[in-house]
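Trainee: could you look at this predicted model? Sequence included:
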Amino acid sequence: MGAGLLQLLGLNPQPAMSNPPIQPSATPAAADPYAGAVQQALKQYPWLNKLGAPIKLIAGDGPGESESFMPNADENPARGNYTVQLRSQKAKSNPQVWPDLIASESMDWLARQNPQYQTMAKQFRASMTEPQLRNAHQSYERDKKLFPRDKRTFEEHMTKAQLQEYVRGYLFPKAAPGWVGPKGEGQYTPQQMQLLENFRQYLHGDGTQ
């Protein structure tokens with residue numbers, strides 16, 4: 001019986017196929033090994049959700065434990081993201097500290113964007129003791145040797161780098177150990193500790209505006 005007659009009888013035969021064609025399997029994209037740390041940081045530190053750009057954690061090379069890059073910075077290896085780069089072997093091999101490193105590096109964003117942070121940082125700068133200022137000058141001289149093309153002044157270095165180190169050292173001792181305590185690098189005064197505690201409460205309250 002021909003196919004045309006079967007169709008007239010309403011049988012609508014389907015063409016016979018011995019085996020369905022084999023579709024090429026798509027290769028799954030490699031999972032981001034740092035995505036879980038980003039999600040944990042966003043949950044643990046809610047102000048990170050308000051920075052204004054996606055956060056990207058990556059591994060790289062360079063001085064220090066970690067570094068951060070503003071989304072549109074030319075040197076950002078993942079432009080469009082607020083990129084945090086793990087640099088030291090110690091940081092790369094310790095996933096437990098990654099969420100804290102992300103949160104601590106967010107201080108660089110706040111230093112550029114957040115009025116509450118900027119006000120707190122000015123107050124901290126005005127309260128710095130002579131030993132703290134000596135350490136800051138030593139850090140400035142080290143950075144000039146590491147980054148000879150960076151022509152920032154000492155005060156620019158304080159605003160863009162050194163003050164964030166003091167804030168990180170107090171608020172994130174897991175990510176920046178060795179800053180708190182009687183023999184810590186920070187040598188924080190009671191006034192400075194209260195200032196930083198107030199800022200901690202601000203961050204864990206409403207977060208960035």
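Mentor: Arrived safely, thanks for sending. Numbering: from 1, shown residues only.

Trainee: now the strands for the chain?
Mentor: Residue ranges of the strands in the chain, as given by DSSP state E, are 55-59, 66-69, 82-86.

Trainee: so where is this protein shaky, pLDDT-wise?
Mentor: 1-30, 206-209 (pLDDT under 70).

Trainee: ranges for the helices of it?
Mentor: For the chain, applying DSSP state H gives helices covering 3-8, 35-44, 89-92, 98-113, 115-127, 130-146, 154-157, 163-171, 190-204.

Trainee: wait, which of these is closest to Gly52?
Mentor: Evaluated over the helices of the chain, closeness to Gly52 peaks at helix 98-113, with 7.4 Å, by C-beta to C-beta. Bear in mind the C-beta positions are built from the backbone N, C-alpha and C, glycine included.

Trainee: buried residues in that closest one?
Mentor: 98-111 (16 or more other C-beta atoms under 10 Å).

Trainee: now do stretch 68-77: distance from first to last residue.
Mentor: When the termini of stretch 68-77 are compared using C-alpha to C-alpha, to the nearest Å, they are 10 Å apart.

Trainee: give me the contacts around it.
Mentor: Defining contact as C-beta atoms under 8 Å, 6 or more residues apart in numbering, one finds that stretch 68-77 is touched by 53, 58, 60, 78-85, 105-106, 108-109, 112.

Trainee: would you format the buried residues of helix 98-113 as TSV with distance to Arg200 included?
Mentor: Compiled in TSV, the buried residues of helix 98-113 are given as follows (distance: C-beta to C-beta, whole Å):
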residue	distance to Arg200
Trp98	20
Pro99	16
Asp100	13
Leu101	17
Ile102	16
Ala103	11
Ser104	12
Glu105	16
Ser106	13
Met107	12
Asp108	17
Trp109	17
Leu110	13
Ala111	16
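
Trainee: farthest-apart pair in those residues, please.
Mentor: Trp98 and Ala111 (21.1 Å).

Trainee: returning to what we had before: of all the helices of the chain, which lies closest to Gly181?
Mentor: Nearest to Gly181 among the helices of the chain is helix 163-171; the distance by C-beta to C-beta comes to 10.5 Å.

Trainee: now the angle from the closest one to helix 130-146?
Mentor: 120 degrees (axes from the mean of the first three to the mean of the last three C-alpha atoms, to 10 degrees).

Trainee: coming back round to it: which of the strands of the chain sits most buried?
Mentor: Comparing the strands of the chain on average neighbours per residue, with mean count of other C-beta atoms under 10 Å, the densest one is strand 82-86 at a mean of 24.

Trainee: what angle do helix 35-44 and that strand make with each other?
Mentor: Using the same axes, to 10 degrees: strand 82-86 against helix 35-44 is 120 degrees.

Trainee: who are the packing partners of strand 82-86?
Mentor: Counting contacts by 3 or more C-beta pairs under 8 Å, 6 or more residues apart in numbering; DSSP states H and E, strand 82-86 packs against strand 55-59, strand 66-69, helix 98-113.
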